[in-house]
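[1] Model the following, please.
(one chain, ligands or ions: 2)
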Amino acid sequence: MTRNLAAAPQPAAFPDARDAAGTAAGRRLVVVGSGIAGLYAALLAADAGAEAVLVSKGALDESNTWYAQGGISAVLPAPAPGDTVAAHIADTLRAGAGHCNIAAVKMMCTEARQDIAGLRRFGVVFDAGHDGGPALGLEAAHSAPRILHAGGDATGARVAEALIRAVLAAQAEGKLTVLTNAHATALVRERGRVTGVEYLRGGRAERIGGDAVLLATGGAGQLFAQTTNPAVATADGLALAVRAGAAVADLEFFQFHPTCFVDTAAGSRADHAGPLLISEAVRGEGAILVDAGGRRFMRAYHPDAELAPRDVVSRSIALHLARLGDPNGHVYLDARPIEEARGTGFLKRRFPTLTRKTRDAGIDWTREPVPVAPAAHYWMGGVATDLSGRTTVPGLYAAGEVACTGVQGANRLASNSLLEGLVFGRRAVEAFLSFDDNGGWGAPRGSGAPRAVSAAGGLPLTHASAPLPRRADSAVAFPADSAGAAAGVDSLAGSALASFGGGGVVEPFSREALRRLMTSHAGVLRSRELLAEAAETLHRWAAVVLPEDSVPLERNPSAHEDRNLLLAAQLLVSAALRRRDSLGAHYRADEPAETSETIPLRPKAILLHD
Ligand code: FAD
Ligand code: SIN
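    Ligands and ions are numbered 1, 2, ... in the order given. I've put the predicted structure just below:
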């Protein structure tokens, strides 16, 4: 039976692993990754008396988690008026376009409050409202304010700081071992079980064994030329798991965040400072999207306008730009209505980091709109797990963005990712502590399992062992004349193809070429033609990038990342080719859509800014 860390003796209303001590002693859990999922899981395992080893390829604060702004969604025991766990579940399912694992969503939304309490126990302090209770923000596609935040718009950094402090304190007490600058390159397998991790550290190849490994390596934004993700997001965990034989799922669904800052002064994003996401919470407070002509366009695309699900807003921006004949351009986020409604100084108080960062970039957002465009943000797909983080390989767990539990469906609801990392990170530790990996999660376990695909042989074979649920009502309603965008978008296809082999010339492999290919061929708008083109180019590159027999000798972490990105790109494109219908973040412009409101388009747009 799986031990429940959340069911600790009262009065603690939070996950408490201490009741597990004793059984855990002497068992080692190797946790790979120091984002929210890895830090929290390592702390819980150490607290329970297990030997926890935390391995991270950079410093502990190098993660997607660090950059999270908006916050963590959770319905607390004293929620905002009218809010309920049932509403959180319904919002998550709706945003997920009917593709979520309902059991997983119910569990995550129900258990959320326990792990928020767990975070507080490790020192996380959330912003308070006037009444002293937590200040709750509103974000797109949430039906009530339920987003806990810290430091205004610095939630990820505040959460990570507190957890890192707790991890270092646990290390000082001898309860946990931290290995930073340790780049995992492979999973060790013995007799069908994962029993450890190989990693590079200081130019040397090392290995650490364990009773189980928890992958918490985050996402893969570096697959695309424009991304909100930091440099560490290179799909390493997914690639390692696939090579170890784990099943993966939902890889065609990659979310593009609608509002990534575009540095118009420099002609491209200010990459010296890293990408700058303008949080969805800004739209939640009342900012609107306008085009270069100052027209508010989102109402023409979806009744919820700027607060429509994220996939809808990104796609609408792409289509609108194409329609304006400027597919590689940008739109503007106008935050001035917020201060008109809430008074001068509100933006600085509520969004201190964004106020400073936009000002550093030369924009005073209290006076002028901010140039923005969609950028790759979050991978809904990943290593398939059950409700306790078990993968299909014995001894291997996965949690956080690297995993696919099915909670995010075809399009993640804002602020549900940090939450997923917490809830499923904890549940994976509970299963580990209970000796409950059951020889790995497989088809017979059934309950709550996401739709998984076999990754045998490197690429997924089939998809969807269960019938796909019907698309929910987040379907995109494009304006009647949006088909007119087709001409503008179509005209771009030729140049995109020519540079990647459509004209018979294949650019040699480089990470930059890969990222440009993925942006132009597998981005917000997709078609069979572009995806097939991408698959062919990726296949040719795969033949020359770090062949299998040279892998163990390769001492350069970045060569491993290239290899991982290439494999992840192949898997994504292959899944996208198989799914001919449009669903959530996967939009096939060339195939008839499921709903009558959606006008089929033949075109494809590229959102290249460089
Ligand atoms: P990460 O936080 O990405 O951590 C992964 C860790 O694994 C890193 O420490 C990395 O160095 C390590 N790692 C990777 N590969 C290896 C390897 N080979 N060997 C060793 N270590 C490795 N979500 C929300 O819910 N709310 C938000 O407000 C929000 N805002 C966001 C804003 C931005 C700008 C971004 C980029 C994302 C945002 N997200 C938000 C998404 C969310 O931050 C991430 O999905 C989440 O933090 C992922 O957590 P994680 O623990 O799974 O992975
Ligand atoms: C944001 O603050 O807009 C990002 C929130 C998220 O990715 O969930």
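[2] Kindly report the residues of this structure close to ligand 2.
    The chain comes close to ligand 2 at residues Q69, G70, S279, E280, A281, A414, S415, S417, as judged by CB under 6 Å from any ligand atom. Every C-beta, even on glycine, is put in place using the N, C-alpha and C of the backbone.
[3] Skipping adjacent residues, who's closest to the first one in space?
    For Q69, ignoring the flanking residues on the chain, the nearest one in space by CB to CB, 6 or more residues apart in numbering is S279 at 4.0 Å.
[4] tell me the contacts of the one you found?
    Q69, G70, D153, T259, F351, L354 (CB atoms under 8 Å, 6 or more residues apart in numbering).
[5] Where strands are concerned, which of those residues count?
    Secondary structure from DSSP state E places T259 of the contacts of S279 in strands.
[6] Among the contacts of S279, which one is most surrounded by other residues?
    Using other CB atoms under 10 Å as the neighbour criterion, T259 leads the contacts of S279 with 30 neighbours.
[7] Could you measure from that one over to G156?
    Computed as CB to CB, to the nearest Å, the T259 to G156 distance reads 17 Å.
[8] sec struct for L572, please.
    Of the three states, L572 takes helix according to DSSP: H, G, I helix; E, B strand; the rest coil.
[9] Do me a favour and get the end-to-end distance for stretch 402-410?
    Length of stretch 402-410, first residue to last, CA to CA, to the nearest Å: 15 Å.
[10] Sketch out the low-pLDDT regions of the stretch 201-350 of the chain for me.
    For the stretch 201-350 of the chain, applying pLDDT under 70 flags the ranges 266-273.
[11] please redo it, this time with the cut-off set to 80
    The model of the stretch 201-350 of the chain has pLDDT under 80 over residues 265-274.
[12] sorry, back to before: so which of the contacts of S279 are in helices?
    Within the contacts of S279, residues falling in helices by DSSP state H are L354.
[13] Close to ligand 1: what parts of the stretch 251-400 of the chain are there?
    By CB under 6 Å from any ligand atom, the residues of the stretch 251-400 of the chain that approach ligand 1 are L277, Y378, G400.
[14] is it true that the first one touches P258?
    Read that as L277. No. Taking contacts as CB atoms under 8 Å, L277 lies outside contact range of P258: 10.0 Å.
[15] what about these two, which has more around it?
    With neighbours defined as other CB under 10 Å, L277 and P258 compare such that P258 has more, 31 against 25.
[16] Which residue is the nearest non-sequential neighbour of the more buried one?
    Leaving aside its sequence neighbours, P258 sits nearest to V313 (CB to CB, 6+ apart; 4.1 Å).
[17] so who does the one you found touch?
    Neighbours of V313 in contact, by CB under 8 Å, 6+ apart: A140, P258, L289, M298, H302, E306.
[18] Most neighbours among those, which one is it?
    P258 (31 neighbours).
[19] Identify the residues contacting the spatially most central residue of the chain.
    The chain has Y378 as the residue nearest its centroid, 2.8 Å off, counting by CA atoms, centre = their mean. Contact analysis of Y378 by CB under 8 Å, 6+ apart lists G219, G221, F254, Q255, H257, E401, Q408, R412, S417.
[20] Mark which of those residues are buried, thanks.
    G219, G221, F254, Q255, H257, E401, Q408, R412, S417 (16 or more other CB atoms under 10 Å).
[21] Work out the gap between the one helix or strand the fourth one maps to and the centre of the chain.
    Yep, that's Q255 we're talking about. Assigned by DSSP states H and E, Q255 belongs to strand 254-261. Distance of strand 254-261 from its chain centroid, counting by CA atoms, centre = their mean, to the nearest Å, is 11 Å.
[22] could we number from 35 for the rest of this?
    Shifting the count to begin at 35 puts that one at strand 288-295.
[23] C-terminal to it, what's the next element?
    Remark: after strand 288-295, the chain's next helix or strand is helix 314-318, criterion DSSP H and E.
[24] how far away is the closest residue to A246 other than its chain neighbours from ligand 1?
    Using CB to CB, 6+ apart and skipping residues adjacent in sequence, the residue nearest A246 is G429, 4.9 Å away. For G429, the distance to ligand 1 equals 17 Å [CB to the nearest ligand atom, to the nearest Å].
[25] Hmm, G230 and G429 touching each other?
    No. Assessed by CB under 8 Å, G429 is found out of contact with G230, at 9.0 Å.
[26] Tell me which of those two has more neighbours.
    Regarding G429 and G230, a neighbour count based on other CB under 10 Å identifies G429 as having more, with 25 against 22.
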